[in-house]
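Trainee: missing the sequence, but the structure's below:
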């Protein structure tokens with residue numbers, strides 16, 4: 001079954017949350033409501049996911065085509081808003097989790113193989129140098145190297161009203177009295193809503209202030225960029241491929257995602273150098289004096305015969 005592309009109402013835009021620290025052992029699927037994998041399309045292999053300092057990482061192969069594999073691990077429909085390098089893979093907008101995405105039926109799985117160009121085609125994802133990525137070529141290089149999935153549950157329809165018969169022998173209430181009671185009920189409900197209303201949003205200047213956690217994450221990213229021995233990877237805009245979808249409606253249960261998944265990627269060389277992939281062979285250390293003698297003194301002559 002093919003997935004359905006969904007266009008939904010706009011909601012608020014918070015930032016992607018960082019996943020909790022889970023060690024550095026390799027794993028595969030990431031997620032709870034959904035299972036997310038990254039697939040090397042040229043070999044068919046599932047790329048191992050490495051958990052390092054609160055981040056999930058995969059090693060991409062420069063030039064290799066890849067897919068984001070999504071499986072609905074629940075018994076209800078879900079909406080997945082997918083971003084690559086900070087760009088929505090369906091609409092091409094700078095990613096925000098209230099945007100359009102793919103709707104999966106219960107237990108359905110599919111591979112997202114590229115940037116959607118129409119209802120019938122995508123442009124294939126492939127790993128490339130960050131400056132050649134689609135995001136960088138469209139003037140958005142700041143978030144190259146990350147795959148994001150925002151998962152939403154579907155809002156359930158309200159239960160049907162229950163008809164309760166009026167007790168026999170009791171007079172029906174007067175119409176005016178019923179209207180007054182209904183008005184009192186509405187007012188009471190409004191008062192309760194007013195008491196439960198959230199506090200007003202902070203001023204614009206306050207909302208623009210960067211949190212300590214955000215500043216720390218940015219500093220860590222800058223340190224990673226400086227330590228990388230090879231050009232960092234991004235995702236290119238590859239050849240057109242056929243992949244048809246249909247449209248559907250989807251009402252979200254909540255304005256906030258029920259699950260947020262973030263997977264970062266870079267080349268194997270960079271991930272080894274950064275310590276993301278443990279147990280890899282250390283890089284050879286060059287010797288500034290490769291022909292230096294082992295002894296600091298005059299060696300003995302050969303044995304005379």
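Mentor: Arrived safely, thanks for sending. Treat the numbers as computed from the prediction; the structure is a model and nothing was measured. Residues are numbered from 1 along each chain as shown.
Trainee: Could you list the low-pLDDT ranges of the stretch 101-250 of the chain?
Mentor: 164-229 (pLDDT under 70).
Trainee: what's near enough to touch residue 237?
Mentor: Residues counted as contacts of residue 237 (C-beta atoms under 8 Å, 6 or more residues apart in numbering) are 115, 123, 134, 137. Where C-beta positions appear, they are placed from N, C-alpha and C, glycine not excepted.
Trainee: can you tell me which of those residues are in strands?
Mentor: Counting by DSSP state E, the contacts of residue 237 place 115, 123 in strands.
Trainee: Export the contacts of residue 237 as JSON lines, with columns for distance to residue 264 and neighbour count.
Mentor: Shown next, in JSON lines, are these (distance: C-beta to C-beta, whole Å; neighbours: other C-beta atoms under 10 Å):
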{"residue": "115", "distance to residue 264": "19", "neighbour count": "23"}
{"residue": "123", "distance to residue 264": "22", "neighbour count": "18"}
{"residue": "134", "distance to residue 264": "17", "neighbour count": "23"}
{"residue": "137", "distance to residue 264": "20", "neighbour count": "13"}
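Trainee: mind listing what residue 150 touches?
Mentor: Taking C-beta under 8 Å, 6+ apart, we find residue 150 in contact with 16, 80, 81, 83, 97, 101, 257, 259, 260, 261.
Trainee: Phi first, then psi, for the fifth one.
Mentor: The phi and psi values for residue 97, taken as degrees, to the nearest 10, are phi -80, psi 0.
Trainee: Assess the claim that it and residue 257 are in contact.
Mentor: Yes - look at residue 97 against residue 257 with C-beta atoms under 8 Å: they come within range, at 5.6 Å.
Trainee: Now for the two: what residues contact both?
Mentor: 81, 150.
Trainee: For residue 57, give me its contacts.
Mentor: Contacts of residue 57 (C-beta under 8 Å, 6+ apart): 49, 50, 51, 263, 264, 265, 266, 271, 276, 277.
Trainee: Return the distance of the first one relative to residue 238.
Mentor: What that stands for is residue 49. Distance from residue 49 to residue 238, counting by C-beta to C-beta, to the nearest Å: 23 Å.
Trainee: Those two - which one has more neighbours?
Mentor: residue 49 (22 against 17; other C-beta atoms under 10 Å).
Trainee: For that one, give the beta-bridge partners.
Mentor: When bridges are called by DSSP bridges, residue 49 pairs up with residue 27.
Trainee: Look at residue 249 and say how many residues are nearby.
Mentor: 9.
Trainee: Same question for residue 154.
Mentor: 14.
Trainee: Which residue is the nearest non-sequential neighbour of it?
Mentor: With sequence-adjacent residues excluded and distances taken as C-beta to C-beta, 6 or more residues apart in numbering, residue 154 is closest to residue 77, at 4.8 Å.
Trainee: Double-check that neighbour against residue 103; I have them as touching.
Mentor: Yes - if you go by C-beta under 8 Å, residue 77 and residue 103 touch, sitting 6.0 Å apart.
Trainee: Skipping adjacent residues, who's closest to residue 66 in space?
Mentor: residue 125 (5.3 Å).
Trainee: cool, residue 56 as well?
Mentor: residue 263 (4.8 Å).
Trainee: This protein: helices as residue ranges?
Mentor: Remark: helices assigned in the chain by DSSP state H are 134-137, 175-196, 204-207, 212-227, 268-273.
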